[in-house]
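Trainee: Sharing a model that was predicted from the sequence below.
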Amino acid sequence: MDPEHPPLLRIIEEELVDYRIRSRFSHPDFVKKLGLSGSERVLEFGSGGGCLSRVLARTLSPDGALSCVEISPYWMEKARQRLKVFTNIEYLQGDILTMSMPENHFDVIIIHFVLHDIEPAARIDVVGALSKCLRPEGTVFIREPAKPEHGMPLSEIRALMRDAGLREIRTGCTKSRQWRWICDGTFKKSW
Ligand SMILES: C[S@@+](CC[C@H](N)C(=O)[O-])C[C@H]1O[C@@H](n2cnc3c(N)ncnc32)[C@H](O)[C@@H]1O
């Protein structure tokens with residue numbers, strides 16, 4: 001997919017479903033369950049148009065901070081416009097594989113519906129790059145669709161995390177009408 005020019009259908013779906021509905025009605029529940037204290041340094045990987053970032057920015061207190069990493073200039077600009085009222089967001093546009101990121105820095109990394117869209121062969125390097133930025137004992141929260149034709153199985157998520165030095169805290173899958181299954185997990189970086 002061309003990151004500069006997303007397809008029109010995806011733009012419409014993102015505005016109507018992700019931004020107007022999910023961002024208001026289902027993302028707040030997801031973020032609440034993460035149990036953030038509010039003072040964390042959070043990296044949201046593949047933040048897109050900022051639908052989840054909006055909820056994360058609201059949850060963080062003034063001593064917390066959100067860094068949004070997004071490869072697409074289009075979606076990064078969209079997020080910047082939508083979230084301009086928030087002063088605790090840093091926008092980092094680029095590919096996580098080639099960006100220079102601080103090591104052992106973030107308390108929390110969130111991967112929400114991103115990894116399944118990345119070429120399978122590149123996923124291990126992406127998770128490795130993310131793991132590098134996470135502080136020891138920092139937490140990764142991941143949530144991905146598990147539809148066989150568009151998604152990734154929980155077994156792959158577990159293997160990728162393990163190979164990147166992240167230990168499993170919990171995982172689970174819930175039924176979904178659109179995605180059949182959505183799998184999520186919590187992992188920690190060992191010392
Ligand atoms: C399906 S969207 C999900 C957006 C957001 N996380 C959400 O749930 O609303 C996946 C996003 O990840 C971004 N992305 C994919 N590969 C990336 C990479 N290597 N570095 C940074 N962002 C990436 C895409 O451009 C896209 O905006």
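Mentor: Everything's here; your move.
Trainee: pretty sure residue 51 is touching residue 13, no?
Mentor: No. Applying CB atoms under 8 Å as the test, residue 51 and residue 13 come out as separate, 11.4 Å apart. Every residue, glycine included, has its C-beta placed from N, CA and C.
Trainee: Settle it for me: which of the two has more neighbours?
Mentor: Each of residue 51 and residue 13 has its neighbours counted (other CB atoms under 10 Å); residue 51 has more, 25 against 13.
Trainee: Residue 186 - that's part of a strand, no?
Mentor: Yes. According to DSSP: H, G, I helix; E, B strand; the rest coil, residue 186 belongs to a strand.
Trainee: Sheet partners, orientation included, of the lengthiest strand in the chain?
Mentor: The residue-count maximum for a strand in the chain (DSSP state E) belongs to strand 134-147. Strand pairing for strand 134-147, determined by DSSP bridges: strand 106-112 (parallel), strand 150-151 (antiparallel), strand 180-189 (antiparallel).
Trainee: Would you convert those into a markdown table that also reports mean pLDDT, mean neighbour count and distance to the ligand?
Mentor: Formatted as a markdown table, the strands paired with strand 134-147 follow (pLDDT from 0 to 100; neighbours: other CB atoms under 10 Å; distance: least, CB to the nearest ligand atom, whole Å):
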| stretch | mean pLDDT | mean neighbour count | distance to the ligand |
| --- | --- | --- | --- |
| strand 106-112 | 98 | 23 | 4 |
| strand 150-151 | 94 | 16 | 10 |
| strand 180-189 | 97 | 20 | 11 |
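Trainee: Can you list phi and psi of the residue nearest to residue 47 when sequence neighbours are not counted for me?
Mentor: Spatial nearest neighbour of residue 47, excluding adjacent residues (CB to CB, 6 or more residues apart in numbering): residue 68 at 3.7 Å. Dihedral pair for residue 68: phi -100, psi 120, per degrees, to the nearest 10.
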